[in-house]
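Chemist: Following is a predicted model, sequence given first.
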Amino acid sequence: MFDRPLRRILHVEDEADIRTIAKLTLEAIGGFEVESCESGPDAIARIAAFKPDLLLLDVMMPGMDGPMTLSELRKLPEGAATPAVFMTAKAQSHEIAKFKELGAIDVVTKPFDPQTLCDHLKEIWRRTGEVK
C-alpha cells in the first residue's frame, strides 16, 4: 500500500470552510485527487466509488464522529485496510495515543497550516511505509 505514491484522499469534515480550504490546498499544492465529504454517512456512501489511498477524518463531527466513521469504514472492503489520519484540535499526547489505538496512522493538528498540510501528509505516508 505505502509502496506507491499517495494520490487519492477521502476527506471527511463537517465544517464547509475547512473542507473547502483543505480541498483547494490538497489539490492545488499537493496535486492530490480529493473527495470531500461532509459527514460519516457521506463518506460511507462514497468510498466504494472513489477508492482512496488515505482517509483524512475530522474527529469532532455531529452525529457520527471521526472514530465512529472510521469504525464503520473499516467494515467495508474499500475501507478495511485504507490508512487513516485524524484531524483534530485535541492533540495532547494521550489523545494522539488514543486515536492511534483506534487505527489512525497519525494525527494532524487543527488549525492546520495550508502551506504545509500536503508535505505533512506525504511525510506521514513515507514514514508509515518505512515502519511496515
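Modeler: Here it is on my side, so go on.

Chemist: hey, let's count contacts and neighbours off CA atoms from now on
Modeler: Noted.

Chemist: dump the residue contacts of residue 8.
Modeler: If you count contacts by Cα atoms under 8 Å, 6 or more residues apart in numbering, residue 8 has them with 32, 33, 34, 35, 51, 52, 53, 54.

Chemist: host element of residue 82?
Modeler: Following DSSP states H and E, one finds residue 82 outside all helices and strands.

Chemist: Likewise for the one 4 residues further on?
Modeler: Taking DSSP H and E as the criterion, the element that holds residue 86 is strand 84-88.

Chemist: quick one: residue 85 from residue 59, how far?
Modeler: Residue 85 sits 10 Å away from residue 59, going by Cα to Cα, to the nearest Å.

Chemist: before we move on, what SS does the residue nearest the centre of the chain have?
Modeler: When Cα atoms, centre = their mean is applied to the chain, the residue found nearest the centroid is residue 56 (0.9 Å). Secondary structure, DSSP: H, G, I helix; E, B strand; the rest coil: residue 56 is strand.

Chemist: Could you list the low-pLDDT ranges of this structure?
Modeler: By pLDDT under 70, the low-scoring segments of the chain are 1-2, 130-132.

Chemist: hang on, the earlier thing: residues contacting the residue nearest to the centre of the chain?
Modeler: Residue 56 is in contact with 9, 10, 11, 12, 84, 85, 86, 87, counting by Cα under 8 Å, 6+ apart.

Chemist: Is it possible to get CSV of those that adds distance to residue 115 and neighbour count?
Modeler: Shown next, in CSV, are these (distance: Cα to Cα, whole Å; neighbours: other Cα atoms under 10 Å):
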residue, distance to residue 115, neighbour count
9, 17, 22
10, 19, 23
11, 17, 27
12, 20, 27
84, 21, 24
85, 18, 25
86, 18, 25
87, 16, 23
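
Chemist: Identify, from those, the entry nearest to residue 96.
Modeler: residue 86 (9.1 Å; Cα to Cα).

Chemist: so the closest one sits right up against residue 66, yeah?
Modeler: Yes - with contact defined as Cα atoms under 8 Å, residue 86 reaches residue 66; the gap is 7.3 Å.

Chemist: any residues in contact with both of those two?
Modeler: 57, 58, 59.
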